[in-house]
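In: okay, sequence plus prediction incoming.
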Amino acid sequence: MWESGGAGIPADLRPDVPHPARMYDYYLGGKDNFPSDRAAAEKALAANPEFRSTARANRGFLTRAVRCVAELGIDQFLDIGTGIPTAGNTHEIAQAARPGARTVYVDNDPIVLSHARALMAGSGPGHTTVIRADLREPAALLDAVRAADLLDFSRPVGLVLAAVLHFLRDEDQPHQALATLLDALPSGSHLVLSHGTADFIPAEIRDRVTGVYDKATAPLVGRSREEVRAFFDGLDLLDPGVTTVPLWRPDTTPAPGADRVSMYGAVARKP
C-alpha cells in the first residue's frame with residue numbers, strides 16, 4: 001500500500017533545511033521543493049552550472065538502463081533513493097517494456113510519501129508501492145521491502161541505485177550496504193547504478209559544491225571512475241561498462257562534452 005504524508009507539511013519534512021532529493025527536483029524543473037532547497041540549489045549551480053544538465057543526463061540514463069533490464073526479462077524492480085516523483089519513473093519505464101512489472105520505491109524523505117498517490121496513478125493495481133527506509137540500514141530496509149510483499153525474492157530483481165550512493169560518506173559503508181542488498185537477490189538480478197564524480201571539475205569548484213551539501217541533510221561525495229567501478233566487483237558488467245551517463249547506450253548522438261559529464265553510470269548482472 002501507499003503511505004501518505006497527511007495534510008499540510010509534516011514536521012519531519014524539515015523545510016528549513018535543504019534536502020538533496022528536493023534540490024534534485026529543482027534541477028529538473030520540478031515544483032516539489034522549498035525556499036531552502038531552491039536557495040541551496042542556486043548556490044550549487046553558481047559553483048557548477050552543469051548540475052542541471054547532469055541531472056537531466058542522469059534521468060536519461062535511468063530511462064535507458066531500466067528499459068534495457070526490463071527487455072532482458074526483469075519484471076520486478078527495487079528502486080532505492082527514488083526522490084521526488086517526476087515523469088519517466090522506474091515503474092513507468094518498466095511497464096512500457098513489460099506490462100505488469102512491479103516496483104518498490106524506497107526513500108527516507110517524507111515528501112516522497114506525500115506525493116505517493118500521484119506516482120501511483122496509472123501504475124496498475126498492486127503493481128507499485130513506496131516505503132520509507134534508509135539505505136544506511138540495509139538489513140532493516142530489506143525487512144521493510146519483504147513486509148510490503150510485492151517482490152518475489154526467489155526471482156531476479158532489478159536493483160536501481162540512481163544518483164544515491166554519492167550521498168553516503170565512506171564511514172556510512174556504502175559498499176557494505178550494496179553488498180547486503182545484492183546478497184538478498186538471486187542470480188540473474190541486475191544492478192542499475194549511477195554516481196556523481198569530481199573527476200572533471202577543479203578542486204575549488206568541487207569544494208564549493210560539497211560545501212553547499214554539507215549544510216543540507218546529506219553530504220555529496222564525488223567518487224572517481226575507479227571507485228565507482230568497485231561497486232560492481234563480482235558482477236558482470238554490460239557493455240559499455242562504466243561510462244559517463246550520456247555515453248551509456250545513447251539513443252541519439254551524444255552532445256560534445258558528454259565524456260566529461262560529472263556522473264558515471266553502468267548496469268551489471270549478478271552471476
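Out: Here it is on my side, so go on. Numbers count the residues shown, from 1 in each chain.
In: are we agreed that A255 is in a strand?
Out: No - secondary structure of A255 (DSSP: H, G, I helix; E, B strand; the rest coil): coil, not part of a strand.
In: surely it meets V261?
Out: No - if you go by CB atoms under 8 Å, A255 and V261 don't touch, sitting 9.3 Å apart. Any C-beta I mention is one placed from the backbone N, CA and C, and that applies to glycine too.
In: list the residues that contact both of those two?
Out: Common neighbours of A255 and V261 (criterion: CB atoms under 8 Å, 6 or more residues apart in numbering): P246.
In: pLDDT below threshold where in the stretch 51-200 of the chain?
Out: 85-87, 112-126 (pLDDT under 70).
In: correct me, but R38 touches G29?
Out: No - R38 is beyond contact range of G29, at 11.8 Å (criterion: CB under 8 Å).
In: more neighbours, the two?
Out: R38 (15 against 10; other CB atoms under 10 Å).
In: re the thing from before, A255 and V261: who's more crowded?
Out: More crowded of A255 and V261, by other CB under 10 Å: V261, with 23 against 11.
In: residues contacting the more buried one?
Out: When contacts are counted by CB under 8 Å, 6+ apart, V261 touches 50, 53-54, 57, 200, 244-246.
In: and the pLDDT at it?
Out: With respect to pLDDT, V261 scores 95.
In: residue boundaries of the helices in this protein?
Out: In the chain, the segments counted as helices under DSSP state H are 20-27, 35-47, 51-71, 90-97, 110-114, 116-120, 138-148, 174-183, 203-214, 225-230.
In: for H190, find the nearest of those helices.
Out: helix 51-71 (4.6 Å; CB to CB).
In: just checking, what packs against that closest one?
Out: On a contact count with 3 or more CB pairs under 8 Å, 6 or more residues apart in numbering; DSSP states H and E, helix 51-71 meets helix 20-27, helix 35-47, helix 90-97, strand 158-162, strand 190-196, strand 263-269.
In: spatially central residue for this protein, please.
Out: Nearest to the mean C-alpha position of the chain, counting by CA atoms, centre = their mean, stands A162 at 2.7 Å.
In: got a list of what it touches?
Out: Listed by CB under 8 Å, 6+ apart, the contact partners of A162 are 58, 61-62, 79, 81, 192-194, 265.
In: hey, what's it bridged with?
Out: Beta bridges link A162 to S194, judged by DSSP bridges.
In: just send the helices of the chain back as TSV, with distance to L238 too.
Out: Output for these, formatted as TSV (distance: least, CB to CB, whole Å):
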stretch	distance to L238
helix 20-27	25
helix 35-47	31
helix 51-71	7
helix 90-97	16
helix 110-114	29
helix 116-120	27
helix 138-148	24
helix 174-183	16
helix 203-214	29
helix 225-230	13
